[in-house]
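Student: how would this look folded up:
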Amino acid sequence: MALTGILLGIVGGLFGWLYGRKKAAQNRGLDERNAEITKSALANGWKVTLVAIYIFWFLLIFDVQFSVAEVLGILLLVHMIGWAGFRVYYQYKY
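Tutor: Numbering: from 1, shown residues only. Below you'll find the model as predicted:
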C-alpha cells in the first residue's frame, strides 16, 4: 500500500511539473530570466545543504546520534526548502 502511494506521488508530481512547464511555455514564461533564476536558486540551495551537512558533522563530533534515514530526510527537506526559498527570492529580485 505504501508503494502505491509513493508511485502515485511520483506520477502526480511529474504530471504537475509537465503541465506547469507546458502552461509556462504557452505564456512565454520559459525564457533566459527563468533559466538564470533556476540556475542561481539551485546553486544557492546546494550551499544551504552544505551548511546543513557541516552542522550534522559538528553534531556527530559532539556525539549526537541520528539514524541515516533521519539525516537523509532532514537534508532532503533542507535542500528543497532552500531551493524553493531562493527560487521565490530570485523571482522578486529579477
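
Student: Quick check: nearest residue in space to the most centrally placed residue in the chain, chain neighbours excluded?
Tutor: Geometric centre of the chain, nearest residue: Met80, 2.4 Å, by C-alpha atoms, centre = their mean. Leaving aside its sequence neighbours, Met80 sits nearest to Gly45 (C-beta to C-beta, 6 or more residues apart in numbering; 7.9 Å). (Glycine included, C-beta is placed from N, CA and C.)

Student: What strand or helix carries the one you found?
Tutor: Element membership for Gly45, per DSSP states H and E: helix 32-61.

Student: buried ones in that helix?
Tutor: Using 16 or more other C-beta atoms under 10 Å as the test for burial, helix 32-61 gives 37, 40-41, 44-45, 48-49, 52, 56.

Student: I figured Phe56 hits Val71, correct?
Tutor: Yes - counting by C-beta atoms under 8 Å, Val71 is a contact partner of Phe56 at 5.9 Å.
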